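Engineer: Attaching a predicted model along with its sequence, questions to come.
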Amino acid sequence: MPFYDYVCLDCNHRFDVFLTYAEYGARPVACPRCKSRRVRRRLTRLRVAKSDESRVESLMGDLSDPAALAGLEDDPQAMGRLMRKMGRELGEDMPPAFSEVVDRLEKGQSPDEIEKELPDLGTGDAGEVP
């Protein structure tokens, strides 16, 4: 007996409706805020489980092309995007220090500037997991 996500086409209110499988499509749905029946079901994002092998293949696609890596050290934003993708593909919670560095890179800060501003990075003092 799932919840279904809807959006009202009159007031743009998003809401969930609990419907049995038998009720879905048979019972009219109305917006709880304005009572309009002009609603549309929203499709939520899906999460796809990946095997470790497929994660590595995805990363290797990005890392195997030397042209894709050329100039990476001179483009902190591209480096940040690559690091963020690597973090997602690993499927593990990264320490706060990782997110801090990636955020700074994506804003265009150079690795040297980050290292000067966060001298304890990597020593376990900046939220790093030992």
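Structural biologist: Yes, it's here. Numbering: from 1, shown residues only.

Engineer: and the protein, what are its domains?
Structural biologist: The chain breaks down by automatic domain parsing into domains covering 3-41, 52-117.

Engineer: Next, format these as CSV and append mean neighbour count and mean pLDDT.
Structural biologist: From N, CA and C alone the C-beta is placed, and that goes for glycine too. Output for the domains of the chain, formatted as CSV (neighbours: other C-beta atoms under 10 Å; pLDDT from 0 to 100):
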stretch, mean neighbour count, mean pLDDT
domain 3-41, 13, 92
domain 52-117, 14, 77
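
Engineer: Tell me the helix or strand right after the lengthiest helix in the chain.
Structural biologist: What stands out as the longest helix in the chain, according to DSSP state H, is helix 76-90. Per DSSP states H and E, the first helix or strand lying C-terminal to helix 76-90 is helix 96-106.

Engineer: Tell me what angle that following helix forms with helix 76-90.
Structural biologist: Using axes from the mean of the first three to the mean of the last three C-alpha atoms, to 10 degrees, the inter-axis angle of helix 96-106 relative to helix 76-90 is 140 degrees.

Engineer: Quick check: D75 vs M94, distance?
Structural biologist: Computed as C-beta to C-beta, to the nearest Å, the D75 to M94 distance reads 21 Å.

Engineer: If you could redo that for G71, that was the one I meant.
Structural biologist: Distance from G71 to M94, by C-beta to C-beta: 25 Å.

Engineer: How about S110?
Structural biologist: S110 is 21 Å from M94, where distance means C-beta to C-beta.

Engineer: Equivalent analysis for F3, please.
Structural biologist: Counting by C-beta to C-beta - F3 and M94 are separated by 31 Å.

Engineer: Same question for L118.
Structural biologist: Counting by C-beta to C-beta - L118 and M94 are separated by 15 Å.
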